[in-house]
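Peer 1: pasting the structure only:
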């Protein structure tokens with residue numbers, strides 16, 4: 001089974017390290033229940049390709065007076081041979097760590113709160129097969145979306161030179177996203193430029209940038225990557241944590 005870590009820096013919501021409950025995982029393929037009920041999805045994974053990495057993400061925002069403010073987050077991510085993942089996030093000043101665990105073998109997502117040794121264990125329900133009516137409706141929506149994209153293209157993608165990042169080969173691409181509903185002060189349309197370098201073997205981004213001319217720049221770089229098996233205990237809830245279980 002294969003899962004792709006998708007990083008769109010223009011849409012990146014930086015997780016506040018002081019609020020661990022906001023930590024999120026990307027190791028899933030979302031599915032919105034056609035009935036309008038709670039979302040469900042089949043978690044995907046990559047097996048047999050363990051790693052541990054450290055990365056830095058900076059988000060710079062232009063203020064009304066023309067000055068810039070920058071927030072820096074440091075992350076550690078790891079995956080074991082079974083496809084389980086762990087993400088740890090801190091701010092650049094050494095703030096509190098947000099930790100999330102995903103386990104596709106048990107369809108669970110865990111948020112660990114280090115300050116009070118508690119954990120929220122969420123069981124992810126599997127999507128139900130759609131009815132023929134739901135299939136027909138989905139096909140109609142896809143057709144309309146394809147028709148709209150043909151008339152209003154939003155992205156222009158080109159290949160970038162390959163790079164070696166943290167000792168790992170990475171393929172690059174540049175995507176220019178035109179926001180037709182937004183314009184700059186001079187009347188020009190907003191064009192967000194995204195660049196991403198991805199390891200085709202591991203299926204994860206190793207570096208990315210986003211430049212929004214309205215005043216936002218985001219950059220992520222992997223600073224260290226080890227392709228060894230992580231400690232199995234890092235993918236389990238510590239024994240002294242109080243656990244609250246939920247069903248999505």
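Peer 2: Structure's in. What do you need? A quick note: this is a predicted structure, and the numbers were derived from the prediction, not measured. Numbers count the residues shown, from 1 in each chain.

Peer 1: need the longest strand for the chain.
Peer 2: Taking DSSP state E as the criterion, the chain has its longest strand at strand 168-183.

Peer 1: mind giving me the packing neighbours of the helix or strand following that strand?
Peer 2: For strand 168-183, the succeeding helix or strand toward the C-terminus, using DSSP states H and E, is strand 189-199. With contacts defined as 3 or more CB pairs under 8 Å, 6 or more residues apart in numbering; DSSP states H and E, the packing partners of strand 189-199 are strand 155-165, strand 168-183, strand 204-212. From N, CA and C alone the C-beta is placed, and that goes for glycine too.

Peer 1: quick one: the longest strand of the chain to strand 155-165, angle?
Peer 2: Between the direction of strand 168-183 and that of strand 155-165, the angle (axes from the mean of the first three to the mean of the last three CA atoms, to 10 degrees) works out to 150 degrees.

Peer 1: possible to save the helices and strands packed on strand 189-199 as TSV with distance to residue 91, mean neighbour count and mean pLDDT?
Peer 2: As requested, the helices and strands packed on strand 189-199 are exported to TSV (distance: least, CB to CB, whole Å; neighbours: other CB atoms under 10 Å; pLDDT from 0 to 100):
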stretch	distance to residue 91	mean neighbour count	mean pLDDT
strand 155-165	23	11	91
strand 168-183	26	15	90
strand 204-212	19	22	97
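
Peer 1: residue 102: which of these is closest?
Peer 2: Evaluated with CB to CB, the helices and strands packed on strand 189-199 place strand 204-212 nearest to residue 102, the distance being 13.7 Å.

Peer 1: note down every partner strand of the following helix or strand past the closest one and its orientation.
Peer 2: Read in the C-terminal direction, the helix or strand following strand 204-212 is strand 216-226, with elements assigned using DSSP H and E. Each strand paired with strand 216-226, and its direction, by DSSP bridges: strand 51-62 (antiparallel), strand 204-212 (antiparallel).
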